[in-house]
Structure formats: structure tokens, C-alpha cells
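K.L.:
no FASTA, just this:
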């Protein structure tokens, strides 16, 4: 099991930027892909982005493609989500997650076994 702690959420105006961080501990971070998900009020949790162990494979949801960038620093056991050109519809609790299988880069939340507590992102229009 891995412990995940997100940070960097907050309130931002539409068009602004935020960078979320997710610090991992408890197992070999560099052998696991990582993902970001979000859940807006009244909606189901949805996939945002995922990155492979060394960053060579990256996936994005269509809704964030071109605006969000996922990256990782294996030396710091941290994964990031840079969010630019934020929109009101990006308002949600954002979660980082680690998949159950090493070296996998899934986009489905059922393939993720470890989750952070979430960080709130609110975009005012």
C-alpha cells in the first residue's frame, strides 16, 4: 500500500492556473504509474490524467487536453498536475491515485488501489 497526500488546491479565477502536488510514501514510487482523478459536486469521479513510471506514456481526458500537464519527479516521490486556463467546470475535488499493479498506466479508477484524501479546486467565473 502507498500513502498519498495531495496539496496545492484553492480558489482561482477562470483563466488562472494552479499546480497540484501529490507526495507518495510507503512503497517504491518509481515502479508505479500515477493518476489524477476529480469529482465535481453531484457527479461521479472521473479520470483526468495518468503518467507512466518514467513519464514516457501520458494520457489525458479530452476535457483537459491542452490545458493540464501531468509530470512526476521520482527523486522526490511526487507527481504533479499543472492546470492552466482553468474553467468553472474544472471545479472539483482532485485526487491522486496509484494503480494496484506496478508498471501499469490505467485510466479506469477501478484499477487504482491507493487514493489520496483529495484537494479542493474551485474556479470562479
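P.N.:
Arrived safely. Being a predicted model, the structure only gives us computed values, none of them experimental.
K.L.:
CA only for contacts and neighbour counts going forward, please
P.N.:
OK.
K.L.:
hang on, residue 15 packs against residue 89?
P.N.:
No - applying C-alpha atoms under 8 Å as the test, residue 15 and residue 89 come out as separate, 11.6 Å apart.
K.L.:
Neighbours of the residue lying closest to residue 116 once chain neighbours are set aside, how many?
P.N.:
On the basis of C-alpha to C-alpha, 6 or more residues apart in numbering, the spatially nearest residue to residue 116 that is not a chain neighbour turns out to be residue 4, at 4.6 Å. Neighbours of residue 4 under the rule other C-alpha atoms under 10 Å: 23.
K.L.:
One more: residue 44?
P.N.:
Look at residue 44: counted by other C-alpha under 10 Å, it has 9 neighbours.
K.L.:
go on, the one 4 residues further on?
P.N.:
Residues contacting residue 48 under the criterion other C-alpha under 10 Å number 25.
K.L.:
From residue 75, how far off is it?
P.N.:
Using C-alpha to C-alpha, to the nearest Å, residue 48 is found at 24 Å from residue 75.
K.L.:
How about residue 56?
P.N.:
Noted for residue 56: a distance of 16 Å to residue 75, by C-alpha to C-alpha.
K.L.:
Mind jotting down where the strands sit in the protein?
P.N.:
3-7, 10-13, 18-25, 34-39, 46-51, 58-60, 68-73, 78-83, 92-99, 112-115, 119-124 (DSSP state E).
K.L.:
what is the rounded mean pLDDT of the fourth one?
P.N.:
Strand 34-39 carries an average pLDDT of 98.
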